[in-house]
Each structure stands twice: as C-alpha cells, then as structure tokens.
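J.: no FASTA, just this:
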C-alpha cells in the first residue's frame, strides 16, 4: 500500500513538471494530461489492488507452508515412533518364538535326558550289583567244589578266598546295619 502511494506521488510530481513545461495558453494539452493522469491513477490503483491481492496470496501461501511444514514434522515424528514400536513388537515376537520354539523344548528335553540318565544310573547300579553278587556266588561255588574235590594246588587259594569273602560279608552286613541306623536317626 505504501509503495502504491509513493508511486502515485512520484507520478503526480512528474506530471506537474511536464505540465509546467507546457504552454498553458491552450486548453487541449491540459485535458490530455488530465486524461493521462486519470488513466495513470486507474492503472496505479489497479496495480495497487493487484499488489494487495498478491500480498494476501503470499500471506496465505506462507501460512499454508507453515501448516504443511508442521504436518510434515509431526508425520515424520510419528513415523519414527511407529517404526520404533514395530521394531519393539517384532523383537518381542521373535523372542517369544525363540523361547517357545527352541529354548523351552531344549529345557524340556534336558529334563527328560536327566531323568533317563538318573534311571539308567540306578539301573546300572542294580545290574552291576547283581552281576557282582552272581560272580561272587559262582566263585564261592567254585572254591567250595575245589575244597570238596580236595585239589591240593588250589585248596590254599580256596581257603583264603572264602575267608576273605566271609570277612567282606560281615563288613557288608555291618555297613547295611549302620545305614539303617543312620536313616532311622534322621527321621
């Protein structure tokens, strides 16, 4: 608006300087100058109106730009937040799948293997004890048979073995008795 006013003042000054150089004795040039001045004033008013409209358009465009910029920044922030949430959810899902798909079954299998090993160890102890008892009984039977047959080369070995087994049997019986006493005292 100020620009338009300044332009009008400059045109008005310019017209007076031109009119001042023209001979005033004739009316015709003055009329032409007035018509030219009116046209110039109309053109300036039109230019002024166009400038005001352009300023309003620029102001609306700047406001729209600011709104769009804020929306872009907000959408970018929300996109980053959504992506972060997506990564967190995927991490949780993969963690649960890993736990229930690999770790949990492995733990269950380990427990099963431990239980089987324990039962196998118990079975091995029982089987080995049975084997040792049967082997001892067979050896005792063999040495008794040697004593009955009275083979002189093997009689001393038979007597020593049977004496050793007798002491081992007494030790085993006293050990069993001691285990029973300890178990009774615990309860």
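T.: Perfect, thanks for sending it. Being a predicted model, the structure only gives us computed values, none of them experimental.
J.: alpha carbons only for contacts and neighbour counts from here, please
T.: Noted.
J.: Report all helices and strands that the helix or strand where residue 127 lies contacts.
T.: Using DSSP states H and E, residue 127 falls within helix 104-149. The contact analysis (3 or more CA pairs under 8 Å, 6 or more residues apart in numbering; DSSP states H and E) places helix 104-149 against helix 152-186.
J.: now the helix it packs on: mean pLDDT?
T.: Averaging pLDDT along helix 152-186 yields 65.
J.: just use 660 as the starting number from now, easier for me
T.: Shifting the count to begin at 660 puts that one at helix 811-845.
J.: Low-confidence stretches in the chain?
T.: Counting by pLDDT under 70, the chain shows low-confidence ranges at 660-661, 663-664, 666-669, 671, 673-694, 826-846.
J.: which one's the longest helix in it?
T.: helix 687-757 (DSSP state H).
J.: Who are the packing partners of it?
T.: helix 661-680.
J.: Apart from its neighbours in sequence, what residue is nearest residue 806?
T.: residue 814 (5.9 Å; CA to CA, 6 or more residues apart in numbering).
J.: isn't that neighbour right up against residue 805?
T.: Yes - Residue 814 is within contact range of residue 805, at 6.5 Å (criterion: CA atoms under 8 Å).
J.: if I pick the residue nearest to residue 806, what's in contact with it?
T.: By CA atoms under 8 Å, 6 or more residues apart in numbering, the contact set of residue 814 is 802, 805, 806.
J.: and which of those is nearest to residue 716?
T.: residue 802 (124.0 Å; CA to CA).
J.: Quickly note the distance from that closest one to residue 732.
T.: 101 Å (CA to CA, to the nearest Å).
J.: Neighbour count for those two, which is higher?
T.: Counted by other CA atoms under 10 Å, residue 802 and residue 732 do not tie: residue 802 has more neighbours, with 21 against 12.
J.: Tell me who's in contact with the nearest residue to that one once chain neighbours are set aside.
T.: Distances taken as CA to CA, 6+ apart put residue 817 closest to residue 802, at 4.9 Å, once the chain neighbours are dropped. Neighbour list for residue 817: 802, 803, 805, 806 [criterion: CA under 8 Å, 6+ apart].
J.: Which residues are in contact with the second one?
T.: So the one you mean is residue 803. With CA under 8 Å, 6+ apart, residue 803 has these contacts: residue 817.
J.: ditto for the first one
T.: Each residue near residue 802 by CA under 8 Å, 6+ apart is listed here: 814, 817, 818, 820, 821.
J.: Distance check, the third one against residue 812.
T.: Per CA to CA, residue 818 is found 12 Å from residue 812.
J.: out of those two, which sits in the busier spot?
T.: A direct count of neighbours by other CA under 10 Å for residue 818 and residue 812 places residue 818 higher, at 15 against 9.
J.: gap between that one and residue 811?
T.: According to CA to CA, residue 818 stands 11 Å off from residue 811.
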